[in-house]
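Novice: Please work out how this folds:
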Amino acid sequence: NGNTALAIARRLGYISVVDTLKVVTEEIMTTTTITEKHKMNVPETMNEVLDMSDDEVRKANAPEMLSDGEYISDVEE
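Specialist: Numbering: from 1, shown residues only. Alright, predicted model coming up:
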């Protein structure tokens, strides 16, 4: 099942340990066929279209003007 000392040594790349354990370990080879279909997981993307007029886009991107030349901005200073 992959939890023998030999299997662990192989997985971790301990060559000298593998050579030593091969002599004293009885290996039973089993073949397992996996017939599962793998589905590619793609992250969700934003597919909705933002429905704004050109004036609304400009207004949303421009800072709002207050009295006496002061502006409200989303950007922190």
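Novice: ok, longest helix in this protein?
Specialist: helix 15-24 (DSSP state H).
Novice: Now that helix: buried residues?
Specialist: Buried residues in helix 15-24, counted by 16 or more other CB atoms under 10 Å: Val18, Leu21. Heads up, the C-betas are built off the backbone N, CA and C, glycines and all.
Novice: Rounded mean pLDDT for it, please.
Specialist: Averaging pLDDT along helix 15-24 yields 88.
Novice: Show me what that helix packs onto, helices and strands only.
Specialist: In terms of contacts (3 or more CB pairs under 8 Å, 6 or more residues apart in numbering; DSSP states H and E), helix 15-24 is packed against helix 5-12.
Novice: could you check the angle helix 15-24 makes with the helix it packs on?
Specialist: Per axes from the mean of the first three to the mean of the last three CA atoms, to 10 degrees, the angle that helix 5-12 makes with helix 15-24 is 150 degrees.
Novice: Provide a list of residues in contact with Lys22.
Specialist: Contact analysis of Lys22 by CB atoms under 8 Å, 6 or more residues apart in numbering lists Leu6.
Novice: For Ser53, give me the pLDDT.
Specialist: pLDDT, read off for Ser53, is 72.
Novice: what separates it from Val18, distance-wise?
Specialist: Computed as CB to CB, to the nearest Å, the Ser53 to Val18 distance reads 70 Å.
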